[in-house]
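Chemist: Build the 3D model from these lines:
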Amino acid sequence: MIKQDELTGLILAGGRGRRMGGRDKGLETFAGQPLVLHVRERLEGRVAEVLINANRHLEAYRALADRVIADAEEGFQGPLMGIYSGLRAATTPWLVVVPCDSPALPHDLVARLIGSIGRSDIAVAFDGERLHPVVALIRTALADDLGEALSAGERKIDRWYARHAWCRMDVSDCPEAFANLNTEDEKRRLELALQEEVPRP
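Modeler: Numbers count the residues shown, from 1 in each chain. Model (predicted):
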């Protein structure tokens, strides 16, 4: 069983936010606080350290993480570069990867990933219909292999995962977990849906 001190959490917040008009998605307000804080709550107390991968507004993010790391290479090269940067920065054998814009991830996400990994090197979230490759548990020893793949021009996460022993983590019981938050309308819809789920006194 993987223990807390063997895990580093990585929140991916290094994108351009093009679908939100260029705004920094992780710092967008959702239910009264930045999106990235909702995601951090799923990691806090379950990992040894929480990292945020960001390429702008670094000072704002430093107040929200144990460490902020920029992409190892400039140019907004996508989430696979963010994952590589996290694998390099982690000081533990395992890295839990989550996106900054999924505030409805299950609170037991880390436990689910640990329970799914078995003898695999990578566990990837699966909602019953499709994979969500930016929600994963990855062995940090794969950093050099990913660096080689990136140098060869690879930018597709699923293709890199396919090079290794990977498995699915079932989250089909959490239908809102991967709701898209690329527009203001999508954000408002999820806020309302989650408010309706809160038990009334």
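
Chemist: residues in contact with the nearest residue to residue 164 once chain neighbours are set aside?
Modeler: Excluding the flanking residues, the one nearest residue 164 by C-beta to C-beta, 6 or more residues apart in numbering is residue 121, at 4.8 Å. From N, CA and C alone the C-beta is placed, and that goes for glycine too. Contact analysis of residue 121 by C-beta atoms under 8 Å, 6 or more residues apart in numbering lists 138, 139, 141, 142, 164, 165, 166.

Chemist: Throw together a ChimeraX command that grabs the buried residues out of those residues.
Modeler: A single ChimeraX command is used to select the members of these judged buried by 16 or more other C-beta atoms under 10 Å:
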select :138,139,142,166
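
Chemist: next one: the biggest helix by length in the chain to chain centre, how far?
Modeler: Ranked by residue count, the top helix of the chain under DSSP state H comes out as helix 184-197. On the basis of C-alpha atoms, centre = their mean, to the nearest Å, helix 184-197 sits 20 Å off its chain's mean C-alpha point.

Chemist: Mind listing residues that contact that helix?
Modeler: Residues from elsewhere that reach helix 184-197 (C-beta under 8 Å, 6+ apart): 20, 28, 30, 31, 103, 104, 176, 179, 180, 181.

Chemist: Output those residues in TSV, with neighbour count, pLDDT and secondary structure appended to each entry.
Modeler: Shown next, in TSV, are the contacts of helix 184-197 (neighbours: other C-beta atoms under 10 Å; pLDDT from 0 to 100; DSSP: H, G, I helix; E, B strand; the rest coil):
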residue	neighbour count	pLDDT	secondary structure
20	18	54	helix
28	17	88	coil
30	21	89	strand
31	13	87	coil
103	24	91	coil
104	19	91	coil
176	15	84	coil
179	16	80	coil
180	12	69	coil
181	25	74	coil
